[in-house]
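1. here's my sequence, what's the structure:
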Amino acid sequence: MKPCLFKKVLFPIFLFTVTLLSSCKKDSTIDIPTVGKASFKINGELLETEVRAKKRGDKFLMALEKYRMSGGEPSPWEVLSIEYVHNKLYSVQRIYKVTSLNTSSPELVTQVSGFFSSRKFYDVGCEIFEVVESDSINNWIVLDGQRNNFNEVTGRFALHMYKVQGCDAEKYPDTLLITDGQFYFSL
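-> I've put the predicted structure just below:
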C-alpha cells in the first residue's frame, strides 16, 4: 500500500471513527468514554477491549479499543473498527474493506466494513490491517440480541485480515485471523 493512500483514505477514516465515538458515556473502571466490552482472539491470543459505538439510523458503527497509558492518559493502542452494521438480528452480515464500499455515502450501502490498527507511539499509527475480501467464511458479524430499539446490542464476529502497513515495532504477523469475537454495548 502506498503511504499516500494511507494518508488519503485509511487515516481519515480512523480519525473520523475515533472522533465520532468520543461522545459516549464513561465506564466507571477506567476514565475513558466507553459503552461496552468485547473480546476476541487474534491468531489464538485473547484480546479484551472496550467498545465505543454510535448509532446511525438503522445501522451502527463500533470501535473495539485496547487502551494503554501514554503520558499519564489512556489512549487507544489497538483498534478494531467495524462500521455500517445493519440492525438485523440473527442475520450473517459479510464484512468488506471500507474502500470496497466505493461510494461517497458508504452509510447507504448494504455492506459492513472493518479494519484493525495498532500504534507505535501515542500519535503514530504503526500496523494497519484490512479485510481479506476473498475469504467469505471468516469475515462476518451476527447480532444475537437487542433491546430498546438496538440501543443495547450483543453479537459475534470473525475476521481474516492482511497487513497493508507495517513499522519497525511490529507486533503482529502479516495476516490476522480474528476468531471467537463477542461484544455488547449499551448506548
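
2. can we go C-alpha only for contacts and neighbour counts from here?
-> OK.

3. where does pLDDT dip in the protein?
-> Counting by pLDDT under 70, the chain shows low-confidence ranges at 1-33, 75-76, 98-116, 118-125, 168-170.

4. okay, and the closest residue in space to Ile141 that isn't next to it in sequence sits in which element?
-> Leaving aside its chain neighbours, Ile141 sits nearest to Phe157 (4.2 Å; criterion: Cα to Cα, 6 or more residues apart in numbering). Using DSSP states H and E, Phe157 falls within strand 152-165.

5. same thing with Leu176?
-> Leu176 belongs to strand 175-186 when assigned by DSSP H and E.

6. give me the neighbour count for Gly181.
-> A count of neighbours around Gly181, defined by other Cα atoms under 10 Å, yields 19.

7. same question, Glu45
-> Glu45 has 9 neighbours, counted by other Cα under 10 Å.

8. tell me how far it lies from Arg56.
-> Applying Cα to Cα, to the nearest Å, the value for Glu45 to Arg56 is 32 Å.

9. tell me which residues are up against the strand holding Phe157.
-> Here strand 152-165 makes contact (Cα atoms under 8 Å, 6 or more residues apart in numbering) with 1, 95, 115, 126-132, 135, 138-147, 173-187.

10. please pick the buried ones from those.
-> Among those, those classed as buried by 16 or more other Cα atoms under 10 Å are 95, 115, 126-132, 138-144, 146, 175-179, 181-187.

11. partners of the strand holding Leu176, with directions?
-> The strands beside strand 175-186 in its sheet (DSSP bridges) come out as strand 36-42 (antiparallel), strand 152-165 (antiparallel).

12. list the buried ones in the first one?
-> Meaning strand 36-42. 36-42.

13. circling back: could the strands paired with strand 175-186 be laid out in JSON lines, adding distance to Ser81?
-> JSON lines is the format used below for these (distance: least, Cα to Cα, whole Å):
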{"stretch": "strand 36-42", "distance to Ser81": "12"}
{"stretch": "strand 152-165", "distance to Ser81": "11"}
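
14. which one of those strands lies nearest to Lys88?
-> strand 152-165 (10.6 Å; Cα to Cα).

15. and that closest one, C-alpha only, in PDB?
-> The C-alpha trace of strand 152-165 is given here as PDB (Å, rounded to 0.1, in the frame of the first residue of the first chain):
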ATOM      1  CA  GLU A 152     -28.400  -2.400  23.700                       C
ATOM      2  CA  VAL A 153     -26.800  -5.000  21.400                       C
ATOM      3  CA  THR A 154     -24.900  -8.300  21.700                       C
ATOM      4  CA  GLY A 155     -23.200 -10.100  18.900                       C
ATOM      5  CA  ARG A 156     -20.400 -12.300  17.500                       C
ATOM      6  CA  PHE A 157     -17.900 -11.800  14.700                       C
ATOM      7  CA  ALA A 158     -14.800 -13.100  12.900                       C
ATOM      8  CA  LEU A 159     -12.300 -11.500  10.500                       C
ATOM      9  CA  HIS A 160      -9.400 -12.500   8.300                       C
ATOM     10  CA  MET A 161      -7.100  -9.600   7.700                       C
ATOM     11  CA  TYR A 162      -3.800  -8.800   6.000                       C
ATOM     12  CA  LYS A 163      -1.200  -6.100   6.700                       C
ATOM     13  CA  VAL A 164      -1.200  -3.100   4.400                       C
ATOM     14  CA  GLN A 165       1.300  -1.000   6.500                       C
END
